[in-house]
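Participant: Below is the sequence, then the predicted model.
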Amino acid sequence: MSGVSLARAATVAALIGTVVGTGLAAPASAAPNPVCTWQAQAVAAPAGLDPQYASVTGADGLGGYSGYYAPNSGDITLLRWTGGVPARLAPPAGVNWVFPRGENRSGTILVDGMNTATGAKQVFTLSRSGSYHSLPVPAGLTNPTGAAINNRGDVVASARRSSDDRNVVLLWEALSTGSGPRVLDLPEASFPTAADLDEDGAVLVSGGYEVFVWRDGVTTRLPEPTGAVVGRAISDGLVIGTSYGSSARSYVWDSRGGKVAYPERGRTAEGVNRNGLIAGERVDGPASVWQGSTFLAELPALDGRPGRPHLVADDGSVFGETFEPGSVPVQWSCR
C-alpha cells in the first residue's frame with residue numbers, strides 16, 4: 001500500500017489529483033524486540049542532489065526501498081535504494097512524467113506514468129530487472145491512478161468512468177486468467193477511491209471521508225468511529241487510519257473480526273505492517289509506533305529535527321521525513 005509524506009505526496013501528485021497511499025508487501029517476521037532502541041538515519045539522495053526533494057514510497061521488506069526525487073511536480077525521477085544507495089531509474093518509453101506508488105517483496109514497483117504532451121495516463125509495473133509492463137484499462141475509463149501492489153502481484157488503482165463521471169476501483173489479479181482488471185463500482189461508497197491492497201486481495205477503499213474493505217465480492221464499512229474518516233493502509237486484515245471529529249484520533253480496525261481499537265493517545269496512523277506495527281503521531285505531537293493499539297515508543301528526532309512517519313515495511317523499518325527546519329527523508333530502525 002497507499003507510498004513521501006502524505007502532505008508532500010499530495011503536492012507532487014496534484015498533477016493527477018490523488019494522494020499517495022502505501023503498498024507494502026512482505027512475509028511476516030518476528031515482532032519488534034521490546035528491548036531494542038529506535039534510531040533515526042537520513043535516507044541518501046543521489047550524489048550531488050538536495051535530499052529535501054527525495055522521498056520513499058515503497059519497500060520490499062528485505063532492506064530495499066524505492067521512491068522518487070522531485071524538485072518540482074513536473075520533474076520526477078524514480079529511485080531505487082539498494083544497501084541504502086540510491087539509483088536512478090529510467091521512465092517507460094513514451095512517458096515523461098512518472099510517480100511511484102508502492103513496491104512488493106519481489107522488488108516490483110507500481111508506477112503511474114503520463115505523456116504530458118497528449119495527457120495519456122497509464123499504470124505500470126516495473127520489475128527489479130528494469131522491465132516495464134503496462135496494465136490494461138477497459139474502454140470508457142479514464143485517469144487511471146495506481147494505489148498499491150501486493151506480494152503475489154495483484155494491483156489496485158482508481159479510475160473515472162466517462163459515462164457518468166463516477167470513480168471506480170480497478171483490481172488486476174495476478175492469478176486471474178483474464179487480461180483485464182476487475183472493475184469494482186462499490187455503490188455503498190459516495191466516492192470510491194483505492195487506498196491500499198492486502199495480501200489476500202482485500203481492497204481498502206477510502207474516499208469522501210468514508211472507509212470500506214472489499215473482500216471476495218463483499219463490501220464492509222468501517223463500523224466506528226462515525227463521522228469523517230480516512231483509511232491509510234491495510235495489512236493482514238488490519239486497517240489503520242484517522243478520524244476527524246471534534247479532534248483527530250487514530251484507529252485500528254480488524255476488518256475480518258470487526259473490532260475497532262484506538263491506539264493509545266494516537267492522533268494519526270499512517271502505516272502498518274503484517275506484524276501489526278503501526279506508525280503515526282501522538283496527540284501531543286511526537287512521531288511514534290504502536291503494536292496494535294499498545295504504545296511502544298516515540299521515534300527519535302534526526303539531528304534535532306522531529307519527523308513524520310508514513311510507511312512501515314515488514315522488516316520493521318519505518319520511513320518518513322523530518323520537518324522544522326527543512327524536510328529530508330528519514331528511516332527509523334529498532335536495534
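Facilitator: Received the coordinates, thanks.

Participant: hey, where'd the helices end up in the stretch 1-150 of the chain?
Facilitator: Assignment of helices within the stretch 1-150 of the chain using DSSP state H, counting those that start in this stretch yields the ranges 6-12.

Participant: can I assume Glu103 is in contact with Gly58?
Facilitator: Yes - proximity of Glu103 to Gly58 meets the contact threshold set by C-beta atoms under 8 Å, at 3.0 Å. For the C-beta atoms, the positions are set from N, CA and C on the backbone; glycine is no exception.

Participant: Those two - which one has more neighbours?
Facilitator: Comparing Glu103 with Gly58 by neighbour count (other C-beta atoms under 10 Å), the higher total belongs to Glu103, at 35 against 32.

Participant: which residues does the more buried one bridge with?
Facilitator: Ile109 (DSSP bridges).

Participant: Quick check: closest non-adjacent residue to the residue of the chain most remote from its centre.
Facilitator: The centre of the chain is farthest from one residue, Ser163, which by C-alpha atoms, centre = their mean lies 29.2 Å away. Closest residue to Ser163 apart from its sequence neighbours, by C-beta to C-beta, 6 or more residues apart in numbering: Gly140 at 6.2 Å.

Participant: Quick check: the gap between that neighbour and Gly180.
Facilitator: 12 Å (C-beta to C-beta, to the nearest Å).

Participant: And Asp200, by the same measure?
Facilitator: From Asp200 to Gly180 the distance is 21 Å (C-beta to C-beta).

Participant: Pro92 too?
Facilitator: Pro92 is 19 Å from Gly180, by C-beta to C-beta.

Participant: Have a look at the two and say which one is more surrounded.
Facilitator: For Pro92 and Gly180, the more surrounded residue by other C-beta under 10 Å is Pro92, and the numbers stand at 18 against 13.

Participant: Could you report the neighbour count for Ala279?
Facilitator: Around Ala279 there are 29 residues (other C-beta under 10 Å).

Participant: what's near enough to touch it?
Facilitator: Neighbour list for Ala279: 269-272, 287-290, 299, 309-312, 318, 320 [criterion: C-beta atoms under 8 Å, 6 or more residues apart in numbering].

Participant: Scan the residues you listed and report the most crowded one.
Facilitator: Neighbour max across the contacts of Ala279 (other C-beta under 10 Å) = Leu311, 34 neighbours.

Participant: Surely Tyr244 touches Val229?
Facilitator: Yes - with contacts counted by C-beta under 8 Å, Tyr244 reaches Val229, the gap being 7.2 Å.

Participant: So for those two, which residues contact both of them?
Facilitator: Tyr209.

Participant: Now do the strands in the stretch 51-200 of the chain.
Facilitator: With DSSP state E, counting those that start in this stretch as the criterion, the stretch 51-200 of the chain has strands at 54-59, 65-72, 75-82, 85-89, 97-103, 109-115, 120-126, 132-134, 141-149, 155-161, 166-172, 182-184, 194-197.

Participant: cool, and the stretch 201-335 of the chain?
Facilitator: Counting by DSSP E, counting those that start in this stretch, the strands of the stretch 201-335 of the chain are 203-206, 211-215, 218-221, 229-235, 238-244, 248-254, 260-261, 266-272, 277-282, 287-291, 294-298, 307-312, 318-322, 329-334.

Participant: What is the third one packed up against?
Facilitator: Meaning strand 218-221. strand 211-215 (3 or more C-beta pairs under 8 Å, 6 or more residues apart in numbering; DSSP states H and E).

Participant: 10 Å instead, please
Facilitator: When contacts are defined as 3 or more C-beta pairs under 10 Å, 6 or more residues apart in numbering; DSSP states H and E, strand 218-221 packs onto strand 203-206, strand 211-215.

Participant: How far does it sit from its chain's centre?
Facilitator: 21 Å (C-alpha atoms, centre = their mean, to the nearest Å).

Participant: any weak-confidence spans in the stretch 51-200 of the chain?
Facilitator: In the predicted model of the stretch 51-200 of the chain, no residue satisfies pLDDT under 70.

Participant: thinking again about what came up before, please identify the deepest-packed of the helices and strands packed on strand 218-221.
Facilitator: strand 203-206 (a mean of 30; mean count of other C-beta atoms under 10 Å).

Participant: Just want to know which of Tyr244 and Val229 has more residues nearby.
Facilitator: More neighbours surround Val229 than the other of Tyr244 and Val229, with 20 against 13 (other C-beta under 10 Å).

Participant: Surely the more buried one is in contact with Thr242?
Facilitator: Yes - taking C-beta atoms under 10 Å as the definition, Val229 is a contact partner of Thr242 at 7.1 Å.

Participant: Identify the contacts common to these two.
Facilitator: 211, 251 (C-beta atoms under 10 Å, 6 or more residues apart in numbering).

Participant: Let me know which of the strands of the stretch 51-200 of the chain is tucked in deepest.
Facilitator: Mean neighbour count (mean count of other C-beta under 10 Å) peaks for strand 194-197 among the strands of the stretch 51-200 of the chain, with a mean of 32.
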